[in-house]
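# fold the following, please.
(2 chains)
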Number of protein chains: 2
Amino acid sequence: MRDSNREWYFAERPEGEPSRDCFELRESDRPEPRYGELLVRVRYLSVDPYMRGRMRDTESYAEPWEVGDPMRGGVVGEVVESESERYEEGDFVTGEGTWADYSVLDADDVAPVDPDVAGLPAYLGVLGMPGRTAYFGLLDVAEPKPDDTVVVSGAAGAVGSVVGQIAKMSGCRVVGFAGSDEKTDWLTDDLGFDAAINYKTTDDYSAAVDDAAPDGVDVYFDNVGGPITDAVFTKLNLDARVAVCGQIAHYNDEGVPTGPRKLPMLIAPRAKVQGLLVGDYATRFGEASEQLGKWVASGELQHRETVVEGLENAPDAFLGLFSGDNIGKQVVQVSE
Amino acid sequence: MRDSNREWYFAERPEGEPSRDCFELRESDRPEPRYGELLVRVRYLSVDPYMRGRMRDTESYAEPWEVGDPMRGGVVGEVVESESERYEEGDFVTGEGTWADYSVLDADDVAPVDPDVAGLPAYLGVLGMPGRTAYFGLLDVAEPKPDDTVVVSGAAGAVGSVVGQIAKMSGCRVVGFAGSDEKTDWLTDDLGFDAAINYKTTDDYSAAVDDAAPDGVDVYFDNVGGPITDAVFTKLNLDARVAVCGQIAHYNDEGVPTGPRKLPMLIAPRAKVQGLLVGDYATRFGEASEQLGKWVASGELQHRETVVEGLENAPDAFLGLFSGDNIGKQVVQVSE
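Sure thing, here's the model as predicted:
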C-alpha cells in the first residue's frame, strides 16, 4: 500500500462545455479512516452526466460542488483498512467516494459487492445507480404495458440500455436512439431492441420514428432532450407516459435553451410527463438490486462497460460522456 | 314558434387568428325532430376556446369541422317539440346542439336543467362542461393538498374561476393570472383568491410569482401557455403537479410555437405534467354535477357569465375569447 494518494479536485466552474481545466489532480498523504470508516483502494470510479449539474453554482437536487472540493462519485474497491466491525480487509464494497487512489467511506453508506456475481464495473452500472434508475424510472414512472411501444433516447448508455431490456421483458416493442452504428447494432443484435436509430446519421427523426414505431409511442424514456425528444413528442399515443430521466443535450447550455413548445402536444393524448430521480426510491433499492442481480446472473439482462484506464484520465472519461464516447456504463479503472 | 330558423355554418378555415369570415349565417326551415329527438328553442349557446382546434384540418380529440358543417357546441334551451317520452314541451335541457334559433337534439344526449337552482347560462359554465373540467382537472389530475400553493392561468375564465375556488376549499393558497384589473379584483375580492396578477400590466411574471407565491408552486393549472407558463415552470416545488387544460395563447399559432424548454426543469422537482380532457371522466359526471350544484346552491362556489346578446353576434363572442373579453363563462343569448 502506497503512503501517498492522488485525488482529483474541482478547480474551476465551466461555462458551457467543461474542459480539463475544471479539474486538478493533487497528491497528498494517504488518508486515515476514523471510527466507523473504511479505507478503500479504488478499483473503478464512475463518471455520470448528472455531475455536470453539480458543477453549476445553483441549488438543485444534488448539492453544487464548491471550487476546491474533491470530485465525488460512485466507486467500487477493496477495503484495505477497516475501522468498522461490518467489513474487513479484502472485502469489496461500493458507495460514494472520491476520484482517488484511496478513498475513505463511511461503513454505513457502502454496500457489499460480490465479484463472483458480476465484474466490479457492473456495480457502478447495471447493478448500481444507473441500473436502479432504469428499473424505477421505467417500471414506476413510465409503467409499461405489454404491446406498448417504448422509445428510449440515449439507449446505448448505462441507463438506456437497461431500460430497453426491461421494456422487452415487459412485452413491449422497443426502439432506441443512439449515436453510432456500433451502438445501434449492439441494441438490436445483442440486447433485443426491435429497432434502433443512429441519430448522428439520420436527418429526419420524425420519419425515423414513424418507421420504427408505426403504432405511435406509448412510453418515452428520455435521457437526452433536444431534437430527438422534439420528434418523439409529436408521436405520443393516448395516455402516453414520458419519464424525464436526463437531458444531456442541454447540460452544457448556458441560459435557458429553447425549442418547440410541448405542453400543447399533451392535451389531445392526455399524456403524462414526469421528472425522476432515483434517490426517491432509496427505501426500495434492495428490491431493485435483487431483481437486477437475478436478471444479470441468468443472462436475461446484458450489460457492457466502457473502461478508461488510469485515474489521471478520469476527466477525459467524464468529458467523453457529452460526445457519447461510451457504450454502456463509462467507468475509470484506477487500479488492477 | 317561428317557421324559419337561423343557423351558423363553418365557412372557411382560419389561418392564424379566426375572423367573422370563418362563419356564415344561413336561414332555412325550422327542423323537425324525429323519433327520440327533441326540438329545442335555444336560449343560450356556449362558445369555448377548444372550438378553435376543431377549425383545423387535423385529427385531434375533437373531430375537425368540415367547411360547410353547422357550428356545434353546448346549448341550453326549452323543449318546444318532443318525440321522446323522457321530456315534454316546456322542459329545459342542455346538451350539444348548434348555433341556431332552433336545434334538434337526441333525448339520450341531453341533461335536464332546473332553472330554480341556477340561471340557465350557469348550465353552460359552472354547472356544465367548464365546471366539470375544473372539478376533475384540479381534484383528479393536480391533486391539491392543504397548504399547497396553486397557481391558475386564465383564472377569471369559465374553468379557471372554478379551479381557484375549489382549490381554496381544498385549503390551498391560490394565485390567479388574469387580463384586467376588473378580473383580478373579482378573483381576490369576490372569489377569495389570495393574490391575482394582471398579466397585461405586469412586466416581470417571474418576480410577480415570487411575490404572490413566496413558497413556490405546488400545483399549476394551465389554461393559457406562453410567457405566464414559462415563468411558473421556473418556480415548481418538489413533487409539483401541472394540469395542462388549455393553451389558448397558442391556439391561433400556425406551425409549432417555440419557447423555453421545460423538460430540463422537471427533473430536480420530479414534477408531473399531464394533459387533460374532461370527456375522460364521463362516467363520473354525475358526481361532479351533484357536488358543483351543492356548492353553487350554498353560495360556496360563485360564478359569473358574460352574455353577448343575439344569435347574429355569436362569432364575435367566440372571437372575443382570444382577447379575453369574457369574465367567467362567455355565452350568447339567443332568445329571451
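# Three-state assignment for A:Arg13, please.
coil (DSSP: H, G, I helix; E, B strand; the rest coil).
# apologies, that question was intended for A:Pro214.
Classification of A:Pro214 using three-state DSSP returns coil.
# ok, A:Asp218 next?
strand.
# and the strands in the stretch 151-300 of chain A?
A:173-178, A:195-198, A:217-222, A:236-244, A:258-260, A:272-275 (DSSP state E, counting those that start in this stretch).
# what mean pLDDT does the last one have?
Meaning strand A:272-275. Average pLDDT, strand A:272-275: 98.
# what's the answer for stretch A:66-81, then?
On average, stretch A:66-81 scores 97.
# output it as CSV, nothing but the C-alphas.
C-alpha atoms of stretch A:66-81 as CSV (Å, rounded to 0.1, in the frame of the first residue of the first chain):
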residue,chain,number,x,y,z
GLU,A,66,-17.6,24.3,-4.5
VAL,A,67,-14.4,25.1,-6.3
GLY,A,68,-11.7,23.3,-4.3
ASP,A,69,-13.9,20.4,-3.3
PRO,A,70,-12.7,16.9,-4.1
MET,A,71,-14.5,15.2,-7.1
ARG,A,72,-17.0,12.8,-5.7
GLY,A,73,-18.9,9.9,-7.2
GLY,A,74,-19.6,6.2,-7.2
VAL,A,75,-16.6,4.0,-6.6
VAL,A,76,-16.0,0.3,-6.2
GLY,A,77,-12.9,-1.1,-4.5
GLU,A,78,-11.3,-3.2,-1.9
VAL,A,79,-11.2,-2.5,1.8
VAL,A,80,-7.6,-2.0,2.8
GLU,A,81,-8.2,-0.7,6.4
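# how about the residues of the stretch 51-200 of chain A near chain B?
A:60-61 (CB under 8 Å from any CB of the partner chain). Heads up, the C-betas are built off the backbone N, CA and C, glycines and all.
# circling back to that earlier point, just put the strands of the stretch 151-300 of chain A in TSV and tack on mean neighbour count.
Listed next are the strands of the stretch 151-300 of chain A as TSV, based on neighbours: other CB atoms under 10 Å in any protein chain shown:
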stretch	mean neighbour count
strand A:173-178	29
strand A:195-198	21
strand A:217-222	28
strand A:236-244	22
strand A:258-260	17
strand A:272-275	24
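# next up, the contacts around A:Thr201.
A:Asp181 (CB atoms under 8 Å, 6 or more residues apart in numbering or on different chains).
# any regions of chain A where pLDDT drops low?
Within chain A, no stretch has pLDDT under 70.
# now the strands of the stretch 151-300 of chain A as CSV including distance to A:Lys294?
Formatted as CSV, the strands of the stretch 151-300 of chain A follow (distance: least, CB to CB, whole Å):
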stretch, distance to A:Lys294
strand A:173-178, 20
strand A:195-198, 26
strand A:217-222, 22
strand A:236-244, 23
strand A:258-260, 40
strand A:272-275, 27
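# which one of those strands lies nearest to B:Glu66?
Proximity to B:Glu66 (CB to CB) singles out strand A:236-244 among these, at 23.4 Å.
# what packs against that closest one?
For strand A:236-244, the elements it packs on are strand A:217-222, strand A:272-275, judged by 3 or more CB pairs under 8 Å, 6 or more residues apart in numbering or on different chains; DSSP states H and E.
# show me where the stretch 51-200 of chain A has helices.
Taking DSSP state H, counting those that start in this stretch as the test, the helices found in the stretch 51-200 of chain A are A:51-54, A:129-136, A:160-169, A:181-185.
# touching the longest one from outside, list them.
Helix A:160-169 is contacted from outside by A:126, A:130-131, A:134-135, A:137-139, A:144, A:148, A:150, A:152-155, A:174, A:176, A:178, A:186-187, A:191-193, A:219, A:221, A:223, A:292, A:295, A:300-304, A:328, using CB under 8 Å, 6+ apart.
# and the residues you listed, which are buried?
Burial by neighbour count, judged by 16 or more other CB atoms under 10 Å in any protein chain shown, picks out A:126, A:130-131, A:134-135, A:137-139, A:144, A:148, A:150, A:152-155, A:174, A:176, A:178, A:186-187, A:191, A:193, A:219, A:221, A:223, A:292, A:295, A:301-304, A:328 from the contacts of helix A:160-169.
# for B:Tyr9, find the nearest of the strands of the stretch 151-300 of chain A.
Here strand A:236-244 is closest among those (CB to CB), at 30.7 Å.
# adjacent strands (with direction) for that closest one?
strand A:217-222 (parallel), strand A:272-275 (parallel) (DSSP bridges).
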